[in-house]
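Undergrad: What follows is a predicted protein model with its sequence.
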Amino acid sequence: LMSEAYLSSSIMFLLTILVIVWSSSGWNAIREEEKTYQSVYWAFTTLTTVGYGDLTPENLNQTVYTLLVGTAGVTFCAGIIANVTSFFHNAEVSEDSIEHKHNCVKWFMEQHSISLEHIGRVEQYFDYLITEKESYNEDYLLNEAIPDHIKNSILIHINQSMVTNCELFADCDHGFLRSIILSMECLIVGPQYMVIKEKCPVEGMYFVKKGVVNLFVVNDDGSLKSVKTIEANESFAERSLLENWKRSPFVAKSMSDCVLWFLSKIQFCRLLRDNPQARDIIFNSSTPIASGRRSSIRADNLMRDVEKIQRRKNIYVHPDSHFVKAWFG
């Protein structure tokens, strides 16, 4: 942006000099008695439409030439003002552009020597935004440019099919489903991203809005065996909302650029507290959960599990955290 601004300002400066020289030369040619600095002074005041009146045309030729120079000056000055205004406008807009944010994040990672793995994830994320979303800022549109009541309606329209397809919420009323949709968090991940790792606790379920996620089980030799493919408008890890998963029974890995929506167990339990009817339906339903087992979890046990999760989050250190990588190498 700065190089373009420098080039544009240089061109405008050269054009200004050329126009002043051309105008003063013409005025000097038809008024030979005037000195060069007087011709330059007349050209500058006429082009800028100031016109103090101390140097005025004295015949028809001089009058016609003055009109031509004045007209050119009006057009030229308008062009300069338009370019300056456009520059400041583009500079302001560029601060919210994806390219600008990408450059800032890249500079930040270089300054702090971030690992290549994290850099690759960031690059995949911005590549997805630029190629798939055509460089528009979805987060800004939903949270800044659109009123809350309209934003909620749009989110419900976008995610309703995902939630209604989930067997866990099959018998719940629309009001509770609306609360579920508005409580979810959007996640964008690139290919080969570990959404759920085997040794990490799982504290919520995932909905797949776009992309493909594969579920694997870990064999005794450490290899991964694919057991299920989750596609758009499907979900996984539903049982983590009803059970205390200190360790995940499977591994979830994205196979492509994915748009996921995450519903945390803590948020889910808050919704159950506010919707006792939905709570009874979920815990008394005979609908099997995604794994094929029927749920026999009591609501009071679930609330205690949530309290344990909240306490554990204060002391749990994720194995991918910068602290662990810096301490253990």
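TA: Sure, I can see it.
Undergrad: Helices of the protein, start to end?
TA: 2-30, 36-47, 60-94, 98-111, 116-132, 138-140, 148-164, 174-182, 265-274, 276-284, 299-313, 322-328 (DSSP state H).
Undergrad: which one of those helices lies closest to residue 234?
TA: The stretch from those with the least distance to residue 234 (Cβ to Cβ) is helix 148-164; that distance is 7.8 Å. Glycine gets a C-beta too; all of them are placed from N, C-alpha and C.
Undergrad: Quick one: distance of the closest one to the chain centre.
TA: 19 Å (Cα atoms, centre = their mean, to the nearest Å).
Undergrad: what packs against it?
TA: helix 174-182, strand 204-210 (3 or more Cβ pairs under 8 Å, 6 or more residues apart in numbering; DSSP states H and E).
Undergrad: For the ones you listed, state which one has the densest average packing.
TA: strand 204-210 (a mean of 22; mean count of other Cβ atoms under 10 Å).
Undergrad: partner strands of that one, parallel or antiparallel?
TA: Next to strand 204-210 in the sheet, as set by DSSP bridges, lie strand 234-236 (antiparallel), strand 258-264 (antiparallel).
Undergrad: now that strand and helix 174-182, what's the angle there?
TA: 80 degrees (axes from the mean of the first three to the mean of the last three Cα atoms, to 10 degrees).
Undergrad: Just the CA trace of strand 204-210, in PDB.
TA: What follows is the C-alpha trace of strand 204-210 in PDB, where atoms were taken according to Å, rounded to 0.1, in the frame of the first residue of the first chain:
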ATOM      1  CA  GLY A 204     -18.200 -30.500  23.800                       C
ATOM      2  CA  MET A 205     -19.600 -31.800  20.500                       C
ATOM      3  CA  TYR A 206     -19.000 -30.700  16.900                       C
ATOM      4  CA  PHE A 207     -21.200 -30.000  14.000                       C
ATOM      5  CA  VAL A 208     -19.800 -30.100  10.400                       C
ATOM      6  CA  LYS A 209     -21.100 -27.300   8.300                       C
ATOM      7  CA  LYS A 210     -18.700 -27.800   5.400                       C
END
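Undergrad: From the chain's centroid, how far away is it?
TA: Relative to the chain's own centre, strand 204-210 is displaced by 19 Å; criterion: Cα atoms, centre = their mean.
Undergrad: now swap in stretch 146-154 and tell me
TA: On Cα atoms, centre = their mean, the centre of stretch 146-154 falls 18 Å from that of its chain.
Undergrad: about what we covered before: looking at the helices and strands packed on helix 148-164, which is nearest to residue 77?
TA: The closest of these to residue 77 is strand 204-210. By Cβ to Cβ, the value is 50.9 Å.
Undergrad: Mind checking the pLDDT average for the closest one?
TA: Per-residue pLDDT values across strand 204-210 average out to 94.
Undergrad: now do stretch 240-248
TA: Model confidence over stretch 240-248 averages 87 on the pLDDT scale.
Undergrad: Over to stretch 120-138?
TA: For stretch 120-138, the per-residue pLDDT values average out at 65.
Undergrad: follow-up on the earlier one: how about TSV for the helices of the chain, with distance to residue 193 added?
TA: Written out in TSV, the entries for the helices of the chain read as follows (distance: least, Cβ to Cβ, whole Å):
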stretch	distance to residue 193
helix 2-30	35
helix 36-47	60
helix 60-94	29
helix 98-111	17
helix 116-132	7
helix 138-140	19
helix 148-164	19
helix 174-182	24
helix 265-274	21
helix 276-284	30
helix 299-313	22
helix 322-328	17
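Undergrad: Which one of those helices lies nearest to residue 253?
TA: Residue 253 lies closest, by Cβ to Cβ, to one member of those: helix 116-132, at 13.2 Å.
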